[in-house]
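Participant: From the sequence below, what's the structure:
(one chain, ligands or ions: 1)
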Amino acid sequence: MRTPAPVTVTLVRGDITLQSVDAIVNAANSSLLGGGGVDGAIHRRGGPEILAACRELRASQYGKGLPTGQAVATTAGKLDARWVIHTVGPIYQVSGNDPSLLASCYRESLRVADELGARTVAFPAISTGVYRWPMDDAARIAVETVRNTPTAVEEVRFVLFDDRAYEAFVRQLG
Ligand code: ADP
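Facilitator: Now for the predicted structure:
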């Protein structure tokens, strides 16, 4: 078997819903039924097809919702992508600040991306909004996990919504 080339990590300051990639990762909540922040933006621009697919997941294998740290894919609706990969980040205080669940979001999203055959994947800064994970620590966990996860994904693009997030990721990429 060929060993995949190391993943290329790129940074963009902008809106993840405007990216053109194979898969866009959503920082969802475990209900999968939409929320604020990046989740709301993805459902607004992606249209009702994504929510319909999420409702089907709730009616089938995720009756109790998607557990924190796991990931699942749906259609990307009207977004310029083939799939949305929904993952549920940990809430900073509630998780006891244990980095493993946040790392799991990145690892599991890449595993789902590999199952789908996605080669370009856009991630937001998971858990750094209403879930309040400190930005520098979240950026470190994100970059380290992506670099240390074996994957056939060729490009991981972190899409950072504001300067503070963008600069935190720049510091990690070094
Ligand atoms: P969480 O519940 O995981 O904290 P949020 O959506 O509240 O998720 O925030 C996660 C990160 O996504 C925050 O840094 C927020 O600024 C950012 N964000 C919000 N909207 C967008 C968007 N349209 N594109 C990219 N990032 C976004």
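Participant: Next, find the distance separating residue 163 from the ligand.
Facilitator: Plainly put, residue 163 is 11 Å away from the ligand if you go by C-beta to the nearest ligand atom, to the nearest Å. (Glycine included, C-beta is placed from N, CA and C.)
Participant: okay but that residue is in contact with residue 13, surely?
Facilitator: Yes - with contact defined as C-beta atoms under 8 Å, residue 163 reaches residue 13; the gap is 7.0 Å.
Participant: In three-state terms, how would residue 113 be classified?
Facilitator: helix (DSSP: H, G, I helix; E, B strand; the rest coil).
Participant: Which of the helices or strands spans residue 156?
Facilitator: Here residue 156, judged by DSSP states H and E, is contained in strand 155-160.
Participant: okay, residue 163 and residue 13: which has more neighbours?
Facilitator: residue 13 (15 against 10; other C-beta atoms under 10 Å).
Participant: ok, now which ones touch that one?
Facilitator: 159-163, 165-166 (C-beta atoms under 8 Å, 6 or more residues apart in numbering).
Participant: quick one: which of those is most hemmed in?
Facilitator: Neighbour count (other C-beta under 10 Å) singles out residue 159 as the most crowded of the contacts of residue 13, with 25 neighbours.
Participant: any idea how far residue 24 is from that residue?
Facilitator: Separation of residue 159 from residue 24 (C-beta to C-beta, to the nearest Å): 8 Å.
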